[in-house]
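> model the structure of this input:
(one chain, ligands or ions: 1)
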Amino acid sequence: MGDSKTVHSPLVTYVSMLSLLTLCPPFVILLWYTMVHADGSVLQTWQTLREHGIQGFNDIWPKPSVTACKIIFCYGAFEAALLLLLPGKRVEGPISPKGNRPIYKANGIAAFVITLATYIGLWWFNIFNPAIVYDHLGKIFSTLIFGSFIFCIFLYIKGHVAPSSTDSGSSGNFIIDFYWGMELYPRIGKNFDIKVFTNCRFGMMSWAVLALTYCFKQYDLYGKVADSMAINAILMIAYVAKFFWWEDGYWNTMDIAHDRAGFYICWGCLAWLPSIYTSSGMYLVKHPVHLGTQLSVSILVAGILCIFINYDCDRQRQEFRRTNGKCLVWGKAPSKIVASYTTTSGETKNSLLLTSGWWGLSRHFHYLPEILAAFFWTVPVLFNHFLPYFYLIFLTILLVDRAKRDDDRCRSKYGKYWKLYCTKVPYRIIPGIY
Ligand code: NDP
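Numbers count the residues shown, from 1 in each chain. Presented below is the predicted three-dimensional model:
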């Protein structure tokens with residue numbers, strides 16, 4: 001099963017699973033409402049809820065609508081078609097715990113360029129005004145919340161009755177199976193990989209699409225796009241472009257190679273990601289800030305630099321693994337540990353652990369520029385309200401927890417070799433501090 005649930009005590013695992021299952025959906029709606037209808041003020045939303053109680057919350061929650069369903073369906077079908085039809089290099093994923101090797105088609109960057117060009121084209125030729133998406137945002141999120149929940153039930157049933165590979169199985173507990181998922185590599189047919197669709201082509205792509213949507217809406221409202229809005233969108237789109245440029249690398253990470261397809265990953269990417277990750281832009285639409293050229297350029301350069309360093313960390317590790325350590329890391333031969341481990345089938349295998357370059361600074365140094373990049377695309381909102389910074393705080397907690405989860409998983413996988421890595425590279429994220 002996914003490693004995640006073995007890290008914390010069973011009680012903490014149950015409490016956090018149940019609270020995430022029940023609290024995340026209403027939180028998405030409250031965040032959207034506060035950003036779009038309450039000027040980003042938590043206090044204002046709180047007052048509305050206090051005055052009107054449960055009925056008030058019910059009134060706030062937009063019901064799924066036909067228009068929202070149409071928008072989501074067209075977008076999802078378009079992305080599914082691009083995933084299936086665009087040509088791309090054949091890429092082999094990492095060997096799974098059961099010894100399977102998933103095969104992918106690397107066409108992410110082409111899908112990204114075509115998606116954004118099509119969206120801008122629809123606006124340019126007056127075929128579809130993206131501002132409509134912003135106008136229906138609450139209903140879209142509401143539809144995604146319920147629709148993705150139903151999709152996770154489908155994944156649960158599929159995991160039981162028609163798993164795509166031997167990398168699947170039940171823990172014997174319904175909640176754990178639903179929350180963490182049952183299949184590592186669920187597919188529809190031979191080529192439609194469900195996690196690549198949910199995580200990459202629906203979730204990550206929606207981030208860039210919504211960043212653009214917010215610019216179009218601001219343009220619709222004020223006849224121009226403020227520099228703050230432009231920086232927010234450019235940095236978020238640059239981050240997503242980086243993601244698709246490196247998408248085949250993503251297929252080697254924990255999300256794909258270790259976490260199974262359940263509520264945590266799939267609902268997270270289908271409903272939580274589009275709403276929470278884009279929330280600073282959502283706020284900026286009706287709160288344009290004029291930063292001025294100097295400040296704008298400084299934030300932009302700092303943000304791009306962080307995105308580049310984050311990319312370079314991932315690239316360095318993958319290049320090192322791909323070449324079996326026969327590459328240069330920062331101009332020198334890499335220092336490394338040959339770590340052996342035993343697979344679930346009892347086979348002994350070796351992995352290389354890089355201990356120089358970015359990976360010699362700390363064991364998860366790449367999380368630092370990831371967090372800083374999020375800071376730079378959020379800071380154009382300035383400091384009137386706390387809520388636009390929610391994603392930044394969430395990301396920091398997520399990555400600190402992820403660093404621990406990954407450390408624990410690697411310790412149990414590599415034993416004494418991981419201990420040796422920890423002695424050579426003692427810090428988890430921030431060199432010299434943590
Ligand atoms: P990583 O890229 O950190 O991969 C972790 C794995 O790499 C480990 O499990 C281990 O796997 C291997 N590894 C660990 N140390 C070394 C080493 N020294 N040398 C070689 N291999 C090593 O996974 P993540 O998924 O956490 O991060 C990928 C990217 O996604 C990052 O850029 C991150 O910032 C980003 N991210 C963004 C999130 C967001 O919500 N915005 C959330 C999470 C990640 P093995 O078993 O193969 O040895």
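> against residue 430, how distant is residue 247?
Distance of residue 247 to residue 430, given as CB to CB, to the nearest Å: 28 Å. Using the backbone N, CA and C atoms, a C-beta is placed for each residue, glycine as well.
> cool, and residue 27?
Applying CB to CB to residue 27 and residue 430 gives a distance of 28 Å.
> who has more neighbours, residue 247 and residue 430?
Legend: neighbour count by other CB atoms under 10 Å for residue 247 and residue 430, higher for residue 247 (23 against 14).
> chain neighbours aside, what residue packs nearest to that one?
Distances taken as CB to CB, 6 or more residues apart in numbering place residue 108 nearest to residue 247, at 3.4 Å, with adjacent residues excluded.
> bridging residues for residue 341?
Assessed by DSSP bridges, residue 341 has beta-bridge partners residue 349.
> just checking, it touches residue 348?
Yes. Using CB atoms under 8 Å, residue 341 makes contact with residue 348 at a distance of 7.4 Å.
> neighbour count winner among these two?
residue 341 (16 against 8).
> could you pull up the residues touching that one?
By CB atoms under 8 Å, 6 or more residues apart in numbering, residue 341 lies in contact with 348, 349, 350, 351, 413, 414, 415, 417.
> and residue 127, by the same measure?
Residues counted as contacts of residue 127 (CB under 8 Å, 6+ apart) are residue 121.
> again with the one 5 residues further on
Contacts were defined as CB under 8 Å, 6+ apart; by that measure residue 132 touches 67, 71.
> how far away is it from residue 71?
To residue 71, residue 132 is 8 Å away according to CB to CB.
> quick one, what contacts the closest residue to the ligand within the stretch 51-200 of the chain?
Going by CB to the nearest ligand atom, the ligand is nearest to residue 94 of the stretch 51-200 of the chain, at 6.4 Å. Taking CB under 8 Å, 6+ apart as the criterion, residue 94 is in contact with 101, 251, 252, 257.
> report pLDDT for residue 146.
On the pLDDT scale, residue 146 is placed at 96.
> shouldn't it be in contact with residue 65?
No. Contact status for residue 146 versus residue 65: not in contact, 11.7 Å apart, counting by CB under 8 Å.
> give me the pLDDT value at the closest residue to the ligand within the stretch 251-400 of the chain.
Using CB to the nearest ligand atom, the single residue of the stretch 251-400 of the chain nearest to the ligand is residue 253, 3.1 Å away. We note a pLDDT of 86 for residue 253 in this prediction.
> quick one: which helix or strand includes residue 376?
helix 367-378 (DSSP states H and E).
> taking the mean pLDDT, what do you get for the very next helix or strand once past that helix?
As assigned by DSSP H and E, the chain's next helix or strand after helix 367-378 is helix 390-414. The pLDDT scores in helix 390-414 average 93.
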